[in-house]
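Trainee: can you look at this prediction? I've put the sequence above it.
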Amino acid sequence: MVKHAFGALATLASLVILIASLWPASGPATGNDKIDHLLAYGALMLLWYLYFRSHTLTKLAIIWLGVVAYGGIIEFLQGLTSYRFASIADMIANSAGAGLMLLLILGWLRIRKPQ
């Protein structure tokens, strides 16, 4: 049951990020939005990890690649709109957020690993 809750939260977070990313911006973008990208994609990485509960590096890398690809697709979709634009800097921030969370997860798994 808990797994389904994390799946629902991960799906909801993915949809919120999609909608927020494709919604018309209220003003010009500043460099501060990169922190938002970092946090959002870090949270997304954590939620999908909690859903899949993957403990191998290969499976964690696949989750990371999925989160990064999702961010890339959203950036591509933004480029198709007349009111948003695709940004390499956003893609880097998305990837970094998911990557930092991946490192935290790996650290946590290492600490919790039975000796």
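Mentor: Arrived safely, thanks for sending. Numbers count the residues shown, from 1 in each chain.
Trainee: mind listing the helices for the protein?
Mentor: Secondary structure of the chain (DSSP state H): helices at 2-22, 33-52, 57-79, 88-112.
Trainee: could I get the ones you listed as TSV with mean pLDDT?
Mentor: TSV is the format used below for the helices of the chain (pLDDT from 0 to 100):
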stretch	mean pLDDT
helix 2-22	94
helix 33-52	96
helix 57-79	96
helix 88-112	95
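Trainee: could I get those as TSV with mean neighbour count?
Mentor: Any C-beta I mention is one placed from the backbone N, CA and C, and that applies to glycine too. Listed next are the helices of the chain as TSV, based on neighbours: other CB atoms under 10 Å:
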stretch	mean neighbour count
helix 2-22	14
helix 33-52	20
helix 57-79	16
helix 88-112	16
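Trainee: what's the closest non-adjacent residue to the residue most central in space within the chain?
Mentor: Most central in the chain under CA atoms, centre = their mean is residue 41, positioned 2.5 Å from the mean C-alpha point. Nearest residue to residue 41 in three dimensions, chain neighbours excluded: residue 97, at 3.7 Å (CB to CB, 6 or more residues apart in numbering).
Trainee: isn't that neighbour up against residue 34?
Mentor: No. Distance between residue 97 and residue 34: 9.2 Å, which falls outside the contact criterion (CB atoms under 8 Å).
Trainee: thought the residue nearest to the centre of the chain was touching residue 67?
Mentor: Yes. Residue 41 is within contact range of residue 67, at 6.0 Å (criterion: CB under 8 Å).
Trainee: any figure for the gap between the residue nearest to residue 41 and residue 2?
Mentor: With the distance defined as CB to CB, to the nearest Å, residue 97 ends up 24 Å from residue 2.
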